[in-house]
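Would you be able to build a 3D model of this:
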Amino acid sequence: MFAVVDIAGQQFKVLENNKYYVPRLDAEPNAEVTFDSVLMLGDDKSTKVGTPNIKGAKVQAKVLEHLKDEKVIVFKKKRRISYRRKNGHRQLLTRIEVTKIS
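Numbering: from 1, shown residues only. Model (predicted):
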């Protein structure tokens, strides 16, 4: 069974017992979180699409850890003006494990 869930403004297709990196959540490690905004449920036989959400559908997950993504370098340059700016950014992520789709 799979579900499409809205987590922090982004949509993720999740399966049970799989691990995912999502934008930083306000939860401690080893805490259980529940996502109520399930947009689609499906299995081998049928698929159910919400308008916009499916009532009563929930996805439960366990927070494994908080971490930072790899650094992205932002480099700006204008020719012949001696204008150069180098900036780096590391996105804050949370690693979760989906435990139950209901």
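
from here on, contacts and neighbour counts on C-alpha atoms
Will do.

could you list every residue that touches the spatially most central residue of the chain?
What sits nearest the mean C-alpha location of the chain, by C-alpha atoms, centre = their mean, is Val22, with 2.8 Å. Contacts for Val22 were tallied using C-alpha atoms under 8 Å, 6 or more residues apart in numbering; they are 7, 93-96.

So which of those residues sit within strands?
Judged by DSSP state E, the contacts of Val22 include 7, 93-96 as members of strands.

one step back: who wins on neighbours among the contacts of Val22?
Most neighbours among those, by other C-alpha atoms under 10 Å: Ile96, with 25 neighbours.

hang on, that residue packs against Gln60?
No: contact between Ile96 and Gln60 fails when scored by C-alpha atoms under 8 Å: they sit 9.9 Å apart.

With Leu64 as the reference, measure out to Arg80.
49 Å (C-alpha to C-alpha, to the nearest Å).

Ile54 now?
According to C-alpha to C-alpha, Ile54 and Leu64 sit 27 Å apart.

what do you get for Val38?
Val38 is 21 Å from Leu64, by C-alpha to C-alpha.

neighbour count winner among these two?
Neighbour count, other C-alpha under 10 Å: between Val38 and Leu64, Val38 has more, with 26 against 18.

pretty sure that one contacts Phe2?
No: counting by C-alpha under 8 Å, Val38 stays clear of Phe2, with 10.5 Å between them.

any idea which residue of the protein is furthest from its center?
Farthest-from-centroid check, the chain (C-alpha atoms, centre = their mean): Arg80, 42.0 Å.

That residue sits in which helix or strand?
Taking DSSP states H and E as the definition, Arg80 sits outside all helices and strands.

again, but for Val63
Per DSSP H and E: strand 59-68 holds Val63.

What of Glu28?
With DSSP H and E as the test, Glu28 turns up in no helix or strand.

check contacts around it.
So Glu28 contacts Val63 (C-alpha under 8 Å, 6+ apart).

For Leu64, see how far away it is.
Noted for Glu28: a distance of 9 Å to Leu64, by C-alpha to C-alpha.

Over to Ser102?
21 Å.

For the chain, which segments count as strands?
Using DSSP E, strands in the chain cover 2-7, 10-15, 19-23, 32-35, 38-42, 47-49, 59-68, 72-78, 83-89, 92-101.
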